[in-house]
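[1] Sequence and predicted model, in that order:
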Amino acid sequence: MTQPSDRTDRSTATSSGSGDRSVRLAVVYYSSTGTVTELARAVADAAEEAGAEVRLRKAAELAPQAAVESNPAWAENARATAGIAEATPDDMVWADAVIFGSPTRYGNIASQLKQFIDTLGGLWQQGRLADKVYSGFTASATKHGGQETTLLALYTTIHHFGGIVVTPGYTDPSKFADGNPYGTSHVGGPETPLDDEARTAAGVQARRVVKFTRALKAGLSGAG
Ligand SMILES: Cc1cc2nc3c(=O)[nH]c(=O)nc-3n(C[C@H](O)[C@H](O)[C@H](O)COP(=O)(O)O)c2cc1C
């Protein structure tokens, strides 16, 4: 079923006063069994509430259909997200800010998201991925299963883009409870739905990314 957050381009951006206050934000994620899909929807919804124009995009599946169908949660997530468009390089050009999401895979991002990132070489060489704000979110099956390393691995790539990494840090009291300053994260697979802690973290992160993207755009336009 297509849900409200299967958005294509639903603009709620505002423009007032001096400087450009609009923020175009792409949430680009990969999820097999739906946990990161839930996080992606939470981040996209919060960014939209913060005034951004949001594109929610999934990385294309690389696994054989037989592998997807062999896992009920994977097959269900594929069906449930059929209405979400696949990410394209144009989404990266369009965006002022990109929040990437991936499950932890051996402490790193999933190959499906990496494959999308690897299609961006031409844009990277032209400097067209630079000067944007980036952030990330993840999920793992176990508590010390590599959430931080996954996000740091993602952020290594952002440095090569010339991107500006905006993380939540411990900038909100809730961060002292969820304990992940690198980005929103959730421990659990398909049997462990998102909890309030993860949803709160998604909101903190999305609002912070929108705020600093807006400030960066306004500052750069003022700088001439
Ligand atoms: C190939 C593979 C590698 C994984 N590696 C780890 C890992 O190193 N640590 C961990 O805690 N979970 C690991 N997981 C579990 C996923 O990170 C976890 O189930 C995540 O919540 C799945 O997100 P999704 O439901 O969006 O696909 C792995 C799963 C797969 C399929």
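    Received it, and whenever you're ready, just let me know what you need.
[2] Give me the mean pLDDT for the helix ranked longest in the chain.
    If each helix of the chain is counted by residues according to DSSP state H, the longest one is helix 196-223. For helix 196-223, mean pLDDT is 95.
[3] Show me what that helix packs onto, helices and strands only.
    In terms of contacts (3 or more CB pairs under 8 Å, 6 or more residues apart in numbering; DSSP states H and E), helix 196-223 is packed against strand 24-29, helix 35-49, strand 97-103, strand 133-140, helix 175-178, strand 184-187. Backbone N, C-alpha and C define where each C-beta goes, glycine included.
[4] mind checking how far the last one is from the chain centre?
    Taking CA atoms, centre = their mean, to the nearest Å, one finds the center of strand 184-187 at 12 Å from the center of the full chain.
[5] Please identify the buried residues of that strand?
    Within strand 184-187, the residues scored as buried using 16 or more other CB atoms under 10 Å are 184-187.
[6] So for that strand, mean pLDDT?
    Mean predicted confidence for strand 184-187 is 97.
[7] Just the C-alphas of that strand, formatted as CSV.
    Coordinates of each C-alpha in strand 184-187 appear next as CSV, following Å, rounded to 0.1, in the frame of the first residue of the first chain:
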residue,chain,number,x,y,z
THR,A,184,19.7,7.6,14.5
SER,A,185,19.9,3.9,15.1
HIS,A,186,17.7,1.0,16.2
VAL,A,187,18.6,-2.4,17.6
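[8] Just list what it packs against, helices and strands only.
    Packing partners of strand 184-187 (3+ CB pairs under 8 Å, 6+ apart): helix 35-49, strand 133-140, helix 147-161, helix 196-223.
[9] Out of those, flag the one nearest residue 86.
    helix 35-49 (13.3 Å; CB to CB).
[10] continuing past that closest one, what's the next helix or strand?
    Later in the chain than helix 35-49, the nearest helix or strand by DSSP states H and E is strand 53-58.
[11] and that next one with helix 35-49, angle?
    With axes from the mean of the first three to the mean of the last three CA atoms, to 10 degrees as the basis, strand 53-58 and helix 35-49 are set at 170 degrees to each other.
[12] Contacts (any at all) between the ligand and whichever helix or strand comes after strand 53-58?
    Per DSSP H and E, strand 53-58 leads on to helix 65-69 as the next helix or strand towards the C-terminus. No: Helix 65-69 lies apart from the ligand when judged by CB under 6 Å from any ligand atom; the minimum separation is 10.1 Å.
[13] mean confidence for helix 65-69?
    98.
[14] Now it - C-alpha only, CSV.
    In CSV, the C-alpha atoms belonging to helix 65-69 read as follows (Å, rounded to 0.1, in the frame of the first residue of the first chain):
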residue,chain,number,x,y,z
GLN,A,65,14.3,-12.5,-6.5
ALA,A,66,14.6,-16.0,-5.1
ALA,A,67,16.6,-14.8,-2.1
VAL,A,68,14.0,-12.0,-1.4
GLU,A,69,11.1,-14.4,-1.6
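[15] Much appreciated, bye for now.
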